[in-house]
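>>> Predicted model and sequence below, questions to follow.
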Amino acid sequence: MRVRISLLIDFESEERKLREDIHWATELEDQVTSRARSRVRNLDDQRKDLESHLEELNNQKEHLTDIIEGRVKPRAVDLPETQADDFKTKLRLRIKGVRGIAIERAENDLIPLQEEIDEANRKIDGLESESNRLQEKIGKYRDMLENFADKTKAQRSLLRRAENGSDRIRALVGLFGWFDPSILSRKIFDEGVVATAQLNRKDLTVERLEDKVRDLDDRADEVKENLRDSLGEAYDLSLIPLVFKDGRNPEGERYLRNQITVNDVRSLDLINKISNPKSGDRKADRLSPVLMEHLPLIQEALLEIATICELKAGEERLLDQAKGAQEAAGRSLRRKTDLFNEMMDCLDTCGALQSLISDYLNLEKDRQQSKDRIMRKVEPAGSNL
């Protein structure tokens with residue numbers, strides 16, 4: 001048995017390491033996601049401020065365009081206040097008029113205003129691009145972390161399978177020592193064959209005793225039927241109510257169940273019960289003379305029934321003992337069968353354990369490389385989002 005390979009793995013230590021790595025990956029993902037959300041919110045706030053400012057600039061542009069295209073009548077207020085009373089301005093007003101000066105001024109203001117609008121649009125596009133880039137970056141980080149967590153969970157599954165196999169082998173080694181599993185399996189199989197034969201014998205004994213109990217039940221019922229035929233309606237309408245109280249007294253209950261004893265019959269006091277009926281039933285009282293006429297037949301039949309019931313009780317006791325032996329033999333066979341199956345599983349486990357450990361170590365190497373990449377890329381980047 002090549003179970004010593006399990007000693008290459010400290011299962012408890014490996015389980016703790018994997019659990020800590022899953023926790024680390026989960027916490028790092030939460031941190032990166034939280035920082036990313038904060039950064040995205042900040043970018044959204046900047047974009048909203050720029051969009052609000054852009055709306056104001058567009059309103060100004062629309063106003064200037066309306067002046068140039070004549071949709072708005074210019075007034076003095078449209079002229080710069082510092083120039084309103086200037087001599088040159090007044091001269092220009094005489095030459096070009098208010099509208100001409102306003103259009104000239106609007107055309108001059110429109111150029112830098114358009115540049116400012118273009119700049120605002122570029123900044124908004126830049127913020128949206130930055131937000132998209134950030135979302136894509138976070139998606140890649142999360143994929144890396146989720147992939148790492150999946151590898152760690154797969155590795156933990158391998159570890160637990162290997163540990164379970166190792167524990168089963170150790171349990172059998174602790175029970176039997178360092179054994180040859182092939183020889184031991186054959187020995188357990190042979191014992192199982194013997195146990196099966198023993199159980200079959202117990203089954204036959206139980207079946208034979210059950211048949212005997214049924215036969216005795218049938219014999220008691222046959223004597224009852226003969227007595228019923230002899231007494232006619234007096235059997236059901238007088239004997240059962242007067243003597244056995246329709247099964248309400250202990251003797252009547254045992255009689256109906258075919259459990260009455262010879263001692264029960266001898267203590268019935270048939271003459272007194274038949275001659276002094278207390279059932280209160282007119283039919284029972286009316287038919288009681290028929291019972292008196294057949295008293296010897298009734299006594300003989302009841303004694304025969306009681307004798308059969310006592311034989312049946314003896315067979316039932318033997319049957320109970322046989323069933324106990326049958327259950328014990330069944331438990332013994334199940335234990336041997338379970339042990340044999342365990343041995344067969346142990347043989348399979350011995351073959352699979354080395355493969356499990358090898359797969360685990362290969363996945364550990366791949367997983368550590370993934371962790372190193374995360375630590376190089378995600379951890380530093382996550383703190384600077």
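Arrived safely, thanks for sending.
>>> Need the residue closest to the centroid of the chain.
Nearest residue to the geometric centre of the chain (C-alpha atoms, centre = their mean): S157, 17.2 Å.
>>> quick one: what helix or strand has it in it?
Secondary structure from DSSP states H and E places S157 in helix 87-176.
>>> Quick check: next helix or strand after that helix?
Downstream of helix 87-176, the first helix or strand assigned by DSSP H and E is helix 181-231.
>>> Report the next helix or strand after that following helix in sequence order.
Counting by DSSP H and E, the next helix or strand C-terminal to helix 181-231 is helix 233-234.
>>> what's next to that following helix, contact-wise?
L287, S288, V290, L291, H294 (C-beta atoms under 8 Å, 6 or more residues apart in numbering). To be clear about C-beta, it is placed using only N, CA and C from the backbone, and glycine gets the same treatment.
>>> how does it look with 6 Å?
With contacts defined as C-beta atoms under 6 Å, 6 or more residues apart in numbering, helix 233-234 is touched by L287, V290, L291.
>>> Okay, the residue nearest to A149 when sequence neighbours are not counted and L270: tell me how far apart.
Nearest residue to A149, sequence neighbours excluded (C-beta to C-beta, 6 or more residues apart in numbering): A25, at 4.8 Å. Remark: distance between A25 and L270 (C-beta to C-beta, to the nearest Å) = 91 Å.
>>> and those two? which has more neighbours close in?
Taking neighbours as other C-beta atoms under 10 Å, A25 and L270 compare with A25 leading, 23 against 18.
>>> any idea which element the more buried one lies in?
Per DSSP H and E: helix 11-68 holds A25.
>>> and the angle for that helix with helix 87-176?
If you take axes from the mean of the first three to the mean of the last three C-alpha atoms, to 10 degrees, helix 11-68 sits at 160 degrees to helix 87-176.
>>> Which neighbouring elements make contact with helix 11-68?
Packing partners of helix 11-68 (3 or more C-beta pairs under 6 Å, 6 or more residues apart in numbering; DSSP states H and E): helix 87-176.
>>> Show me what the helix it packs on is packed against.
Checking 3+ C-beta pairs under 6 Å, 6+ apart, helix 87-176 ends up next to helix 11-68, helix 295-383.
>>> how far off helix 295-383 does that helix point, in degrees?
140 degrees.
>>> tell me the mean pLDDT over helix 87-176?
Helix 87-176 comes out with an average pLDDT of 76.
>>> again with stretch 303-317
95.
>>> Would you check how far apart the residue nearest to A149 and R254 are?
Taken as C-beta to C-beta, the span from A25 to R254 is 76 Å.
>>> Kindly report the same for R19.
To R254, R19 is 68 Å away according to C-beta to C-beta.
>>> quick one, which of these two is more surrounded?
Per other C-beta under 10 Å, whichever of R19 and R254 has more neighbours is R254, with 17 against 12.
>>> Leaving out the residues flanking it, which one is nearest to that one?
With sequence-adjacent residues excluded and distances taken as C-beta to C-beta, 6+ apart, R254 is closest to I260, at 4.4 Å.
>>> State the three-state secondary structure for the one you found.
coil (DSSP: H, G, I helix; E, B strand; the rest coil).
>>> Flag every buried residue along stretch 254-270.
R254, Y255, N258, Q259, I260, D264, V265, L268, L270 (16 or more other C-beta atoms under 10 Å).
>>> With stretch 19-27 instead?
D21, W24, A25.
>>> The lowest-mean-pLDDT helix or strand in the chain versus helix 181-231: what angle between them?
For the chain, counting by mean pLDDT, DSSP states H and E, helix 87-176 ranks last in confidence among helices and strands (a mean of 76). Counting by the same axes, to 10 degrees, helix 87-176 lies at 80 degrees to helix 181-231.
>>> which regions of the protein lie under the pLDDT threshold?
Along the chain, the model assigns pLDDT under 70 to residues 1-8, 73-102, 173-182, 277-281, 347, 349, 351, 379, 381-385.
>>> mind giving me the domain split of it?
4-177, 182-354 (automatic domain parsing).
>>> circling back: how much space separates the residue nearest to R254 from S267?
I260 is 11 Å from S267, by C-beta to C-beta.
>>> Return the distance of the closest residue to S332 other than its chain neighbours relative to L339.
With C-beta to C-beta, 6+ apart as the criterion, S332 has its nearest non-adjacent residue at 5.2 Å, and that residue is A195. Distance of A195 to L339, given as C-beta to C-beta: 11 Å.
>>> cool, and L295?
Counting by C-beta to C-beta - L295 and L339 are separated by 65 Å.
>>> And G247, by the same measure?
G247 sits 51 Å away from L339, taking C-beta to C-beta as the criterion.
>>> and if you look at K283?
Taking C-beta to C-beta, one finds K283 at 67 Å from L339.
>>> of these two, who's got more company?
Taking neighbours as other C-beta under 10 Å, K283 and L339 compare with L339 leading, 18 against 14.
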